[in-house]
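K.L.:
Could you look at this predicted model? Sequence included:
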Amino acid sequence: MNLISFSRVSVRVVVDGRDAPKTLLHDFSLELSERRIGVIGANGSGKSTLLRLLNGLVEPSAGTVTVGGADTVTDVRRVRGNVGFVFTDPLSQLVMPTGREDVELSLRRSVKNSKERAARAESVLDRFGLLHLADQSIYELSGGERQLLALAAVLAVNPGVLVLDEPSTLLDLRNRELLRRTLAGLDQQVIMSTHDLDLALDMDRVLVVESGRIVFDGGAAEGVALYRALCAASLGELPHESAPR
Ligand SMILES: Nc1ncnc2c1ncn2[C@@H]1O[C@H](COP(=O)(O)OP(=O)(O)OP(=O)(O)O)[C@@H](O)[C@H]1O
């Protein structure tokens, strides 16, 4: 496994109209070498920001982040060659008109021969049960089909680390199960944010993020239980009439 290292990292941004910068992630250090790592927490707690540090999409305001020894700021090309990132919204990732073309585009650097590339794309699409949709416009696909396609396009190039930002939000029960099995069978190191607590329970290590701080780092069952307790506590603080029924 790659060693993912966060050393004295914090993320702050200047927001228009505010005097002081807003802190998205408060100072933290972590070393991650497990195969399956889950990141859970409330909306806006900082999960995506944490994941985006891993491929240089977000740069730390202080401290350093390295993946497999490569610094995500000074060695970003190497990092991006090693880290595959699957976004929550597949349309922000799929750039070609059809799924087949998108997977082939992913493979362009690693497979120079066009026939070989086409065969590899076919086999990747087949693995995700997407072959029958391969030549359809991505705008005609359902959200879940697009989400699987985005995952297939990233996995096609066999990255060392797979980062997934809420990968199951649009998936039906069957495809969620397909995702679970796919993740369980991958050789890659996986780091994933999710609101799906069943998926989180499959992880070897779970981080709970709360208001930009990592408030738990440990086993999945314990992390999920803590997150449930935090949710219950915050609902208890709401005025009665705004609590969900
Ligand atoms: N570039 C930015 N400028 C200002 N605020 C930002 C920026 N990026 C993120 N934020 C804020 O930082 C906080 C954390 O955002 P982030 O997307 O990391 O949360 P999240 O835990 O992934 O949320 P969700 O579960 O809703 O996807 C949010 O309050 C968000 O509005």
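P.N.:
Great, that's in hand.
K.L.:
Run through the neighbouring helices and strands of the lowest-mean-pLDDT helix or strand in the chain.
P.N.:
Scoring the helices and strands of the chain by mean pLDDT, DSSP states H and E places helix 173-185 at the bottom, with a mean of 86. Judged by 3 or more CB pairs under 8 Å, 6 or more residues apart in numbering; DSSP states H and E, helix 173-185 is in contact with helix 143-155, helix 197-201. C-beta here means a position set from N, CA and C on the backbone, and glycine is covered the same way.
K.L.:
For those helices, which has the smallest mean pLDDT value?
P.N.:
Confidence, taken as mean pLDDT, is least for helix 143-155 of the helices and strands packed on helix 173-185 (a mean of 89).
K.L.:
K47 is nearest to which of the helices and strands packed on helix 173-185?
P.N.:
Closest of these to K47 is helix 197-201, at 11.3 Å (criterion: CB to CB).
K.L.:
Contacts for the closest one, please.
P.N.:
For helix 197-201, contacts defined as CB atoms under 8 Å, 6 or more residues apart in numbering pick out 38, 40, 168, 176, 179-180, 183, 192, 194, 206, 220-221, 223-224, 227-228.
K.L.:
List buried residues within these.
P.N.:
Buried by 16 or more other CB atoms under 10 Å: 38, 40, 168, 176, 179-180, 183, 192, 194, 206, 220, 223-224, 227, out of these.
K.L.:
Looking at those residues, which are in helices?
P.N.:
Judged by DSSP state H, the buried ones among the contacts of helix 197-201 include 176, 179-180, 183, 220, 223-224, 227 as members of helices.
K.L.:
and of those residues, the nearest to the ligand?
P.N.:
Among those, Y227 lies closest to the ligand (CB to the nearest ligand atom), at 12.0 Å.
K.L.:
can you tell me how far the closest one sits from S110?
P.N.:
38 Å (CB to CB, to the nearest Å).
K.L.:
Could you pick out the residues of the chain near the ligand for me?
P.N.:
13, 15, 22, 24, 41, 43-49 (CB under 6 Å from any ligand atom).
K.L.:
Centre-most residue in this structure?
P.N.:
L164 (1.9 Å; CA atoms, centre = their mean).
K.L.:
what's the most distant pair in the residues of the chain next to the ligand?
P.N.:
V15 and G41 (20.7 Å).
K.L.:
Which of those two has more residues huddled nearby?
P.N.:
G41 (25 against 10; other CB atoms under 10 Å).
K.L.:
Show me what that one is bridged to.
P.N.:
Bridge pairing for G41 (DSSP bridges) gives the partners V209.
K.L.:
pLDDT value on it, please?
P.N.:
pLDDT at G41 comes out at 96.
K.L.:
How about the contacts made by it?
P.N.:
Shown in contact with G41 (CB under 8 Å, 6+ apart): 47, 208-210, 227.
K.L.:
Could you dump those into a markdown table and include distance to A121 and pLDDT?
P.N.:
Formatted as a markdown table, the contacts of G41 follow (distance: CB to CB, whole Å; pLDDT from 0 to 100):
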| residue | distance to A121 | pLDDT |
| --- | --- | --- |
| K47 | 31 | 97 |
| V208 | 38 | 98 |
| V209 | 36 | 98 |
| E210 | 41 | 96 |
| Y227 | 38 | 95 |
